[in-house]
Structure formats: structure tokens, C-alpha cells
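Chemist: Below is the sequence, then the predicted model.
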Amino acid sequence: MTDIKLVEPENGSITAPLQKYDLPQLNDQKDRSLPQAVSFIWEACPDVTYDLLISPNPDFKDSRHITALSEPRAEVLHLHIATRYFWQVVAKRSGQFLTESPVWSFTTNRATPRWMHIPGTTNVRDIGGWPLPNNRLVRQGLLYRSSQMNDPVQITAEGQRILEQDLGIRTDLDFRGSIENPYPVLDEDKVQWINVPINAYSHIGNEESQEGYRKIFEIFADASNHPILFHCWGGADRAGTVSFLLNALLGVEIENLTRDYELTSLSIWGERYGESKEFKGLIEALAPFGDGTGSFAKKAENYLLSIGVTPQMIAAIREHLIIAQNI
């Protein structure tokens, strides 16, 4: 039998954006915070099953295996954005190796964000992928934000499996207060649950909130806690404020900080806009921490230093979460 012939993604190609929707124009409750799968297609062989191998490394180290496919195609979610991948198909008959395809490569589109489909919850996205100055990116796969996973939404067993196994979440960082009845949803034998109640937006300047924000960034600075999933109720306001501070600290420009905040409008929790009173309150709360250049990286850094986050913690966060672009 000859080698399997690959069809798409074409060798050397760039995929379409890995998001289904841009910001919505309709005021409805349809969830648009969803990723777009990458379609893999190859020519069929008779009476075989297929294994699909996908890896960011040409030697297929750290590869993703999708096994026992009965059809010559697969739809694959949750690839990293702005990343070159190598792929190959292996054909088997009765479980035994039969033949394999050549190795092709493709690059995922750099359009942000990297949405995640976690059945039973919404507004789930990777903090990473945003561009930074000097041809760098925020590292993907270490920090995720989401809405809550219970009441009124309820994560499914498959959603829990994706978080615990596919994403390897180690820490569930919950920003809900006692009135919201927070409790752990993921398996506590695999995922530590940490509850740090905070308030959003202009409340970052309140003394009672500062201890919470200090603790959150202390958790971010400890690499042993990663990957981390952090959330509040809708993943919009408190999680949005933390995302803003974190990505600002890393160097994400204000246009993308604002867009990331507004993207929550694609979920089921209502509209969020950069012109809102709440978002402007966050911007105003950070204004006293500037250095005269307008840099939000400096404002976020100075704010965090003022509440007790140490320079060593800030350096650790940047070291963990900033990488050079590889394409």
C-alpha cells in the first residue's frame, strides 16, 4: 500500500481564524464565545482506521494523538494560535500498522483570542496569544479565564475532563464572595481550589480589595500553580479586571486590553464595552500609578508594587508568561 495522501490543511498553509464570531450586533443570549475547529482531511483507504498525530515539533515530541478514526477526517479544537504544527496520519488494520502519510506542516492564524469550548460553561479563553512589543507573545496554555462552573450554568463531565486532562489545570482560582456560595467543582485530588473574593474595576483602589489582588498575583508568580483557571460569576468583571492587570503588566497594548474586555460580549453575560462607566473607572483607578509615558505596563506594575506584590513576583510572572514569537 502506498502512503496516505494528505489534503488539508495544505502543506505550508495558514488556517482561517480559530474563532467563529466577532463582536455581536444582536442583543440576544446566544453564546458566541466559541472556538473554530481546524479541519483535517486525507484520502481514504479501504478497511482501515486512522491515527492523527499533531505536534508543534517536527519530531512529534509532545504530540496530540487522535486514534481509531473510522473516517478520513477530523475536526480538532483548542490548537494554539500563531503556532506552526506538523501533522501525519497513520493507517492501521486490525490494530496493526499498515502505512503512513508524509509529514505536512501548517500555521494557525494569529487572530486572538484562543477561545476554549468547555461544555457546561461559557466565556472560556486562554490569557495567552496576545502580541507584545519586540516580536513577543503572551505564552499560551498557562492561564485561562472563564465564567463559574456551577449555578446557573453546570459544567458537564466532558467539560471537567477537558479542564483536568486536556488542559491539565492545577489550580481553580475562584473570585466569588460568600454570598455567591462558592465551592470547588473540579476534582480536588487533581486541582487545588483557592477562593480569593475581590471587587472589580475602580475597587482595585479600595484597601479591602488590595489584599485579594496581592494574593492573586502571588499565586500567578508561582509556576507550580500553573496551569490556572480563574473565574468569578460570569468571567466578565472581576475576571476581566484581573485579566486587564495581568496582560497590561506583560505589555499588551491598551487597544488589545480593551478588546479582550469587550469580547465577553460574545458570551451569555451581557455586553461589555470600553466606553462603559465601569471600565473607565478601572482606567481612572490606575491613572495615579503612571510614569508620564501613558504606559499601562508601568501603571499595572506600580499598582501591584503599591499593594505588596514584590519585584521578584513581577519578574517571575513575566518570565513564565512572555515568549518570543516562533513564526
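Modeler: Structure's in. What do you need?

Chemist: Quick one: neighbours of the residue nearest to residue 37 when sequence neighbours are not counted, just the number.
Modeler: Using Cβ to Cβ, 6 or more residues apart in numbering and skipping residues adjacent in sequence, the residue nearest residue 37 is residue 75, 4.0 Å away. C-betas here are computed from N, CA, C, even on glycine. Counted with other Cβ atoms under 10 Å, the neighbours of residue 75 add up to 11.

Chemist: Next, the contact list for residue 75, please.
Modeler: 37, 38, 39, 40 (Cβ atoms under 8 Å, 6 or more residues apart in numbering).

Chemist: count of residues packed around residue 183?
Modeler: With other Cβ under 10 Å as criterion, residue 183 counts 11.

Chemist: my bad, should have said residue 152
Modeler: For residue 152, using other Cβ under 10 Å, the count is 8.

Chemist: Next, the residue nearest the centre of the chain: phi, psi?
Modeler: Nearest residue to the geometric centre of the chain (Cα atoms, centre = their mean): residue 126, 0.8 Å. Note on residue 126: its backbone torsions stand at phi -80, psi 140 [degrees, to the nearest 10].

Chemist: which residues does the residue nearest to it when sequence neighbours are not counted contact?
Modeler: Distance criterion Cβ to Cβ, 6+ apart; nearest residue to residue 126, sequence neighbours excluded, is residue 114 at 3.9 Å. By Cβ under 8 Å, 6+ apart, the contact set of residue 114 is 18, 35, 78, 80, 81, 125, 126, 128, 129, 140.

Chemist: Return the set of buried residues in the top helix by length along the chain.
Modeler: Criterion DSSP state H: the longest helix present in the chain is helix 207-221. Buried residues in helix 207-221, counting neighbours by 16 or more other Cβ atoms under 10 Å, are found at 209, 210, 212, 213, 214, 215, 216, 217, 218, 219, 220, 221.

Chemist: and what of stretch 61-81?
Modeler: For stretch 61-81, by 16+ other Cβ under 10 Å, it's 63, 64, 69, 72, 74, 78, 79, 80, 81.

Chemist: Check the residues you listed and tell me the two furthest apart.
Modeler: 72 and 81 (26.0 Å; Cβ to Cβ).

Chemist: any chance of the buried residues of stretch 61-81 in CSV, with distance to residue 146, pLDDT and secondary structure too?
Modeler: What follows is the buried residues of stretch 61-81, written out as CSV (distance: Cβ to Cβ, whole Å; pLDDT from 0 to 100; DSSP: H, G, I helix; E, B strand; the rest coil):
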residue, distance to residue 146, pLDDT, secondary structure
63, 27, 93, coil
64, 22, 95, strand
69, 29, 97, strand
72, 34, 98, coil
74, 26, 98, strand
78, 14, 97, coil
79, 19, 98, coil
80, 18, 97, coil
81, 18, 96, coil
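
Chemist: what helix or strand does the residue lying closest to residue 311 once chain neighbours are set aside sit in?
Modeler: Excluding its sequence neighbours, the residue lying closest to residue 311 (Cβ to Cβ, 6+ apart) is residue 305, at 7.0 Å. In this structure, residue 305 sits in helix 296-306 according to DSSP states H and E.

Chemist: so the next helix-or-strand element following that helix versus helix 207-221, what angle?
Modeler: Remark: after helix 296-306, the chain's next helix or strand is helix 311-321, criterion DSSP H and E. Put simply, helix 311-321 runs at 50 degrees to helix 207-221, going by axes from the mean of the first three to the mean of the last three Cα atoms, to 10 degrees.

Chemist: Buried residues of helix 311-321, list them for me.
Modeler: Residues of helix 311-321 classed as buried: 313, 314, 316, 317, 320, 321 (neighbour count, 16+ other Cβ under 10 Å).

Chemist: quick check, residue 241 in a helix?
Modeler: Yes. Counting by DSSP: H, G, I helix; E, B strand; the rest coil, residue 241 is found in a helix.

Chemist: which among the contacts of residue 75 end up buried?
Modeler: Using 16+ other Cβ under 10 Å, the buried ones in the contacts of residue 75 are 37, 38, 40.

Chemist: Please give me every residue in contact with the nearest residue to the last one once chain neighbours are set aside.
Modeler: By that I understand residue 40. Using Cβ to Cβ, 6+ apart and skipping the chain neighbours, the partner closest in space to residue 40 is residue 74 (4.7 Å). Listed by Cβ under 8 Å, 6+ apart, the contact partners of residue 74 are 39, 40, 52, 66.
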